[in-house]
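Peer 1: below: sequence and its predicted model.
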Amino acid sequence: MDKNRKILISIFAFMLISILASVIQLYNSMDRTRGGGVPMPEMRAGVGVIRLYGPISMSGEATVLGGSAGGADGFVAELDGMMHDDNIKAIVVRIDSPGGTVAATQEIFHKLMKIRKEKKVLVASMGDIAASGGYYSASACDYIMANPGTITASIGVIAAAPNLKGLFEKLGIRMNVIKSGKYKDILSSSRDMTDEEKKLLQEMIDSSYEQFLKDVSLGRNIPIDDIRPVADGRVMTGSAALECKLIDGLGTFEDSIAKAKEMAKLPEDAPVYENQPNTLSELFGSLEGKISKNPLDAALKTAPVLPIEYRYQQ
């Protein structure tokens, strides 16, 4: 195969991938414009199911074909569609998450609280783990159900960053930093933190922690002083959480759906609605896993951030 033919094939392949990405992005955009509505094969009152899986962030993980995998923005948009759907009388929030960023978790919590005020029943169903931000989100629901072995609680805030100063010195690496203020490179991996920086970060951690306690107290209708003794970052099983009144009952995902029907006064045979991936996403889903991520996106992820999170870290 001559050189020119190889170039033409490469150009054609790039154009094909670009067209597919554009089509999927347009389709997803149109779907979001419709408010993330849930397909309704049976037009009668039932229970909606929405899943909060993996680490919580605002936009989720960008993919080479456009859009994002997960993220609070998409989750809230789907909740909004369920909130405005008269056929959905109750929502089961299936959670399998260690938590995540502070603001994204709070957006999910406040959207759920808004739905709760609309008198739609909310039942949280915990899977393997619903800790820290995962528990924060669950606390906005009317009823929380977990498996006996679910890992939950972890009420607290964490910020962590590596200190590579010693390694840099051994390798002879020195960072040239020009900054507008003394805190601009806070949590830099190339040097030790100052006492002033530690104090500033601790104040931010404490503020986020108090917001966590306040919202859990609001969602669970429990005084903050009753929550604080177990709000020291500890994780616990679903059984222990029930004893501490952090959840309301033990059961499976199916039990949670049955509970939602009972609370919404729906018949046992009431339909269960769940938004399914669109056809294009299903068709090219496997392709996304085989094509490398956007190099620019990967590069941006190496940029320093301030990692203050409601997250359980093992």
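Peer 2: Done, it's in.
Peer 1: need the strands for the stretch 1-150 of the chain, in chain order.
Peer 2: 46-53, 61-62, 68-69, 88-97, 99-101, 121-131, 143-146 (DSSP state E, counting those that start in this stretch).
Peer 1: what residue ranges in this structure score low on pLDDT?
Peer 2: 1-8, 14, 18, 20-42, 60-70, 276-306, 314 (pLDDT under 70).
Peer 1: let's go with 80 and repeat that
Peer 2: Residue ranges of the chain with pLDDT under 80: 1-43, 60-70, 276-307, 313-314.
Peer 1: can you name the residues that contact the most centrally placed residue in it?
Peer 2: Centrality entry for the chain: nearest residue to the mean C-alpha point is I56, 2.4 Å, by CA atoms, centre = their mean. I56 makes contact with A72, S97, G99, G100, T101, A104, T105, I108, G133, G134, S137, Y310, according to CB atoms under 8 Å, 6 or more residues apart in numbering. Where you see a C-beta, it was placed from the backbone N, CA and C, and this is true even at glycine.
Peer 1: again, only using 6 Å
Peer 2: By CB atoms under 6 Å, 6 or more residues apart in numbering, the contact set of I56 is S97, G100, A104, T105, G133.
Peer 1: nearest to L200, of the strands of the stretch 1-150 of the chain?
Peer 2: For L200, the closest of the strands of the stretch 1-150 of the chain is strand 99-101, at 18.8 Å, according to CB to CB.
Peer 1: quick one: the strands in the stretch 201-314 of the chain?
Peer 2: When secondary structure is read from DSSP E, counting those that start in this stretch, the stretch 201-314 of the chain shows strands at 235-237, 249-250, 272-274, 308-311.
Peer 1: which of those strands sits closest to L167?
Peer 2: Using CB to CB, the nearest of the strands of the stretch 201-314 of the chain to L167 is strand 308-311, at 24.4 Å.
Peer 1: only alpha carbons, please: show that closest one as PDB.
Peer 2: Only the C-alpha atoms of strand 308-311 are listed here, as PDB (Å, rounded to 0.1, in the frame of the first residue of the first chain):
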ATOM      1  CA  ILE A 308     -12.100  18.800  48.800                       C
ATOM      2  CA  GLU A 309     -14.600  16.000  48.700                       C
ATOM      3  CA  TYR A 310     -17.400  14.100  50.400                       C
ATOM      4  CA  ARG A 311     -15.800  10.800  49.600                       C
END
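Peer 1: still on that earlier bit, of all the strands of the stretch 201-314 of the chain, which lies closest to R51?
Peer 2: Minimum separation from R51 across the strands of the stretch 201-314 of the chain (CB to CB) falls at strand 272-274, 8.1 Å.
Peer 1: name the residues that touch the closest one?
Peer 2: With CB under 6 Å, 6+ apart as the criterion, strand 272-274 contacts V38, G46, V47, G48, V49.
Peer 1: out of these, flag the one nearest to R191.
Peer 2: So of these, ranked by how close each gets to R191 (CB to CB), first place is V49, at 48.3 Å.
Peer 1: go through the strands of the stretch 1-150 of the chain and name the closest to S217.
Peer 2: Comparing the strands of the stretch 1-150 of the chain by their distance to S217 (CB to CB), the top pick is strand 143-146, with 14.4 Å.
Peer 1: neighbouring strands for the next helix or strand after that closest one, and are they parallel or not?
Peer 2: Once the chain leaves strand 143-146, the next helix or strand it forms, by DSSP states H and E, is strand 151-153. Strand 151-153 sits in its sheet next to strand 121-131 (parallel), strand 235-237 (antiparallel), going by DSSP bridges.
Peer 1: pull out the buried positions in the longest one.
Peer 2: Along strand 121-131, these residues count as buried under the neighbour rule (16 or more other CB atoms under 10 Å): V121, L122, V123, A124, S125, M126, G127, I129, A130, A131.
Peer 1: put together CSV for those, with distance to E203 on each row.
Peer 2: Below are the buried residues of strand 121-131 laid out as CSV (distance: CB to CB, whole Å):
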residue, distance to E203
V121, 39
L122, 33
V123, 36
A124, 31
S125, 36
M126, 32
G127, 34
I129, 29
A130, 28
A131, 24
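Peer 1: returning to that earlier point: deepest of the strands of the stretch 201-314 of the chain, which one?
Peer 2: Sort these by mean neighbour count, taking mean count of other CB atoms under 10 Å, and strand 308-311 sits at the top with a mean of 25.
Peer 1: run through who's touching that strand.
Peer 2: Taking CB under 6 Å, 6+ apart as the rule, strand 308-311 contacts P98, G99, G100, T101, V102, T105, S132, G133, Y136, I158, A159, M204.
Peer 1: can you list the strands that it pairs with?
Peer 2: strand 99-101 (antiparallel), strand 158-159 (antiparallel).
Peer 1: quick one, which of those strands is packed in tightest?
Peer 2: Each of the strands paired with strand 308-311 was scored by mean neighbour count; the highest is strand 99-101, a mean of 25, by mean count of other CB under 10 Å.
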